Structure formats: C-alpha cells, structure tokens
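*Asks:* kindly return the folded structure for what I paste below:
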Amino acid sequence: MTYMRLLAVMFSVAAAVALAAQTPPQPPPEQPPPAPPQQQSAISTRITSSPGMQPRIAVPDFIALSSDGETAAAAKTVGRVLWDDLAFEREFYLIARDTYQSIPQPASLEQVALDRWKELGADGVVVGSVRKTATGVAVQVRLLDVSSGASVMAKEYTGSIANPRLYAHTISDEIHQTQVALRGVARTKLAFSSNRDGERTTNSGSPRDISNIYTADYDGANERRLTITRALDIAPVWAPDRTAIAYMSYRTGYPDIIVHPLAGGRYTTPARGTADARNYLPAWSPDGTRLAFMSSRDGDPEIYVVNRDGSGLRRLTSHPANDVTPTWSPTGTQIAFTSDRTGNPQIYIINVDGTGLEKITSESHCDRPTWSPAPWNEIAYSSRAGAGNNIRIFDFATRSSKPVTDGIGNNESPAFAPNGRHLAFVSSRAGKDQIFTIARDGKDLRQITRTGANKYPNWSQ
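*Replies:* Numbering: from 1, shown residues only. Reported below is the predicted structural model:
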C-alpha cells in the first residue's frame, strides 16, 4: 500500500472505528522460550575447502538417544531446520539431504563414519544428538572436519523440548559466528499485520477487514497472534531490545501509536493521540529511547520525534506537503522519510535536529524507506515500476540505486534483516498480499506467510 493510499485509508477509517469500546482486553502474550544455555564450547579451527570454493557441509538428522517418539521427532526437526538455517545465509555449500541415505546413522557421536562423508564430498559434517533429561532435553552438537576428524565446534544445550527449532536456530547462528564471523539471523523474528482471522466490521455500510499484529520466526514458522482487537492494528516495529513492539492502531476510534510490552503489562501511547492529534507509522531509534512517527496534529502530515516515555515531543519537518514513513539511520543522527513536496513522492533525509534536508531519489514515485543496519550504508524503498512497485536499494557510496525484486506483482514495505543481508517485504505476486524475504542481491526469494492478507513486515534484532 503506497503512502497516498495509506493516507486515504487512515483518514477515512478514523471516524468509523467507534467500536473500540468493545475491544476485549488483551491477555499478556506467551513468551517464546529463551535461547538454550550453553554448557560447553570448543573452537580450534575452521572448515575449509578447495581454494575459491565454499566449504561443503552435510547436516544429517540428529541422533535420538532416548527411545520415545517425542525425542525422535525433536532430533529430526533439529537436523532439518539447521540445514535450512545454514543454507539461508549462503556461506556454505549445503549437501542435499536426499544424498545421505547411503550413510547409516551412527548410534552415538563417537561413531560417525567420516570416510563415508568424505566419499560424499563433504568438507565438514554437523552431527548431534538429543537426549531426554529429568527436566527437558540435552542437545549435543559437533562440527567435524571430515579430512582430519577434528571437532572444530562442540557444544551442549539443555532446556525444554517444546520448541526444538530454537536449538537449530541457536546452533546455526553460532556456526556462522565461529566459522565466518557472521551474525546469523536464525533466532530473529518477523512482525507483520494480518487480517487472517476473518473478523470484519462495517465502515459506512461496507465491510472492512480487521487487522491485528502477528509474529513469526524469520522463516515463517511459529506464527503467533500478538493483538486481539476488533480494530485496525498495523505497521508493527520491534524495539531494538525486543522487549516491545510499537504499532499503529485505531482501537480508540482514531489512529495512535501503541507500545506493546512483550512481557505482559499495559500498553502505552507515547505520542498521546487524540481525535485532533492523530499519529501514524512509528519507527524506533537505534537505541530504543525514541520514536519517530507521522502526525496530523498540526494540520498536514509531518514527521515528529518523541521519547519512549512520552516526553520531549518535537516536530522535525515543516512543509505543507505530506511528510510520512520515517526511518532512522543506524547512528541515530538522521531520519529518512517520504515526501511529495516536489510533486511525486520521493525519499528525503534530514538530521534529527531538523537541518541538512536532502532529496536522494528522483524517480516517478518512491515510498516506504528503510535504512540498513551497519556496516551497510543503504536505504531500501519501493519504487513505481509500470503498474506496480519494485524494491530498490539506494547506496550512499555510489549515489545510485539498483532493483532487488524482479517486477512480478506489486512489491512494497521493505524491512532489512539485522545483519543487512536480507529484506522482508510485501508482494502481491502470489495473488494476495503476502510477506516474502529476499537476499539483498535479489536472490533466494522465499514466501513467509500464506494465510490471509499480510502487510507491513518488520525484522527484529
């Protein structure tokens, strides 16, 4: 949804969502299990391959050391999810799992047939086990150098068996960190808005979908509804410390910014909206102490900044045109936003003290900028391409932009992963608006959501 269409929807909906008084109270959301504690760590070297080649890694199913079905299922899940997690960053050549059938699963981690993995062409093999304990499970993992037999990584985790995927995500992130000094994103999450629950209200005699906030793992698993309202809850953004999600909601009958704590407790409204001071599209500062947002409180849409506790409200832009969709620079010293002050909407940047305004795009129609994390110095945005939009990336170093998406469907609302290597975005290429992820080079397109219409993705730290 472009910001012009978004404005039309938001200003027309505000007067119609009077049933906010019927909004049921929200129960404190269930918290995801914490990352399993580490009990052992040993790093001696890295897996390598022939010069110029990526290391070839195999990831078979983990060994179930307990005979019950739950342990067996968890062991299989950990191995398969770990393969996918490692493949996502494209730092290794992952040997296809259907080629493992000729290699029997060992009874323990001490009986791995390295000669067989060498025949398969593997440089390294990730082997692991899952064992029931009195309080949950113990998961052991080793990354073995096939040529030498050395264990270049050996760790053990203990915790609940309720979410075996979390062990795989943790192992993947640690392999990426120790082997290639990369911050992986396997333990990150996505937030987005969705109408999937099919609740409807009536606006001026016509039906309108109700939208709530949802979260999911980075790969779309473990989808979970965060808000339960008969209102429009949209445009969620994760606090940098992942303790809260800010979003825009019409639950009071007018649009305002909600900060929703994830550990339970009451939500807050730092922008302190009223029927005459309507607030839209929040964006967290990198340190989590401030929110930038759009507001019509002074008449036309402008960009404002406020402290998380509601103090220090300050207007950043001042122009009769529409200034919308703010995003912070990684340093917290600048904000990029969309404005139609020169005609068609373009992307601008401005210092947080209101100085240094600069237009960085000159295309037919640009919208929804999102600033990349360090070390990249880029802004992704949606740009009109024919009847739809493409995701493009503007590079400050070259002062040029390049397309990321391929022109299929309408592609909008990009959001960078915390390592800057991937983007989440909304696309109509599947027929209905859905969330996709894609690598910053335009490769590895993946569909994340499939139920309902889903919009406004945002990636956690």
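*Asks:* can you give the domain ranges for this protein?
*Replies:* Following automatic domain parsing, one finds the domains of the chain at 3-32+188-459, 38-180.
*Asks:* ranking those domains by mean pLDDT, which is last?
*Replies:* If those are sorted by mean pLDDT, domain 3-32+188-459 sits at the bottom with a mean of 89.
*Asks:* re earlier: format the domains of the chain as a markdown table; extra columns: mean neighbour count.
*Replies:* (Glycine included, C-beta is placed from N, CA and C.) Formatted as a markdown table, the domains of the chain follow (neighbours: other Cβ atoms under 10 Å):
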| stretch | mean neighbour count |
| --- | --- |
| domain 3-32+188-459 | 19 |
| domain 38-180 | 18 |
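*Asks:* Asp115: which element?
*Replies:* helix 114-119 (DSSP states H and E).
*Asks:* may I have that helix as PDB, with CA atoms only?
*Replies:* Output in PDB follows, covering the C-alpha atoms of helix 114-119 (Å, rounded to 0.1, in the frame of the first residue of the first chain):
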ATOM      1  CA  LEU A 114      33.800 -39.900   8.400                       C
ATOM      2  CA  ASP A 115      35.200 -41.900   5.500                       C
ATOM      3  CA  ARG A 116      31.700 -42.200   4.100                       C
ATOM      4  CA  TRP A 117      31.100 -38.500   4.400                       C
ATOM      5  CA  LYS A 118      34.400 -37.900   2.600                       C
ATOM      6  CA  GLU A 119      33.200 -40.100  -0.200                       C
END
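*Asks:* which residues outside that helix are in contact with it?
*Replies:* With contacts defined as Cβ atoms under 8 Å, 6 or more residues apart in numbering, helix 114-119 is touched by 58, 102-103, 125, 144, 146-147, 149.
*Asks:* out of these, who's nearest Val324?
*Replies:* Closest to Val324 out of the contacts of helix 114-119 is Ala58 (48.9 Å), distances taken as Cβ to Cβ.
*Asks:* mind checking how far that closest one is from Ala74?
*Replies:* Ala58 is 20 Å from Ala74, where distance means Cβ to Cβ, to the nearest Å.
*Asks:* next SSE after the helix holding Asp115?
*Replies:* strand 124-132.
*Asks:* among the contacts of helix 114-119, which are in strands?
*Replies:* 58, 125, 144 (DSSP state E).
*Asks:* a markdown table for those, including distance to Asp219?
*Replies:* Formatted as a markdown table, these follow (distance: Cβ to Cβ, whole Å):
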| residue | distance to Asp219 |
| --- | --- |
| Ala58 | 20 |
| Val125 | 23 |
| Leu144 | 26 |
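*Asks:* looking at the residues you listed, which one is closest to Ile408?
*Replies:* Proximity of the ones in strands among the contacts of helix 114-119 to Ile408 (Cβ to Cβ) peaks at Ala58, which lies at 33.9 Å.
*Asks:* beta partners of that closest one?
*Replies:* Val125 (DSSP bridges).
*Asks:* for the stretch 101-250 of the chain, what spans make up the strands?
*Replies:* 124-132, 137-145, 151-159, 189-194, 200-203, 206-209, 212-217, 224-225, 233-238, 244-249 (DSSP state E, counting those that start in this stretch).
*Asks:* among those, which is nearest Ile438?
*Replies:* Closest to Ile438 of the strands of the stretch 101-250 of the chain is strand 189-194 (Cβ to Cβ; 13.2 Å).
*Asks:* could you say what helices and strands that closest one packs with?
*Replies:* If contacts are counted by 3 or more Cβ pairs under 8 Å, 6 or more residues apart in numbering; DSSP states H and E, strand 189-194 sits against strand 212-217, strand 233-238, strand 244-249, strand 454-459.
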